[in-house]
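Asks: 3D model of this:
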Amino acid sequence: MSPKAVARTPRPVRCNDRDAWESLVKEYPRIAEAISGAVMKVLSISALDEKTRQLVYIAAQTAVCYPLAVKYHVPLALKAGASKDEIVGAAAIAAAAAGPKGFVACFPVIIKAIAAESR
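Replies: Numbers count the residues shown, from 1 in each chain. Coordinates of the predicted model:
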């Protein structure tokens, strides 16, 4: 098959594509609401305490390179009693498990979110 005959696939969401979620909310609010509802349901039935749940969430969102979610969950982790070192440590685990891309993208977001909460 010649290179010209290969079908183009849609552009994947980039790691730092901050408009992806907002676009989904705007264009398909019912789908976004269903996704958010499912996430909240899973979080609400977890046997983990709130601090651990937020740290795991930060690590998972760092691993999939989703800075917008990390930015949202850092204040929740701090409110639940997590320290700066625990939050950075949770995100660093993502680098060990999934490679450094997500950690490198999310680290500045983590530091800014912690600084914003410290004011």
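Asks: who are the packing partners of the longest helix anywhere in the chain?
Replies: Secondary structure of the chain per DSSP state H: the longest helix is helix 100-118. The contact analysis (3 or more CB pairs under 8 Å, 6 or more residues apart in numbering; DSSP states H and E) places helix 100-118 against helix 50-63, helix 67-79, helix 84-98. (C-beta placed from N, C-alpha, C; glycine too.)
Asks: check contacts around residue 102.
Replies: Residues in contact with residue 102 (CB atoms under 8 Å, 6 or more residues apart in numbering) are 15, 62-66, 91, 94-95.
Asks: buried members of those into ChimeraX, please.
Replies: This is how ChimeraX selects the buried members of these, with burial counted by 16 or more other CB atoms under 10 Å:
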select :62,63,65,66,91,94,95
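Asks: out of the helices and strands packed on helix 100-118, which is closest to residue 107?
Replies: helix 84-98 (6.8 Å; CB to CB).
Asks: circling back: buried ones in the longest helix of the chain, by neighbour count?
Replies: 102-103, 105-107, 109-110, 113-114.
Asks: closest to residue 55 out of those?
Replies: residue 110 (11.6 Å).
Asks: wait, that closest one sits on residue 75?
Replies: No. With contact defined as CB atoms under 8 Å, residue 110 does not reach residue 75; the gap is 10.8 Å.
Asks: switch the helices and strands packed on helix 100-118 over to CSV; also include distance to residue 27 and mean pLDDT.
Replies: Formatted as CSV, those follow (distance: least, CB to CB, whole Å; pLDDT from 0 to 100):
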stretch, distance to residue 27, mean pLDDT
helix 50-63, 22, 95
helix 67-79, 17, 94
helix 84-98, 29, 95
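Asks: among those, which is nearest residue 34?
Replies: Closest among those, using CB to CB: helix 67-79, at 16.7 Å.
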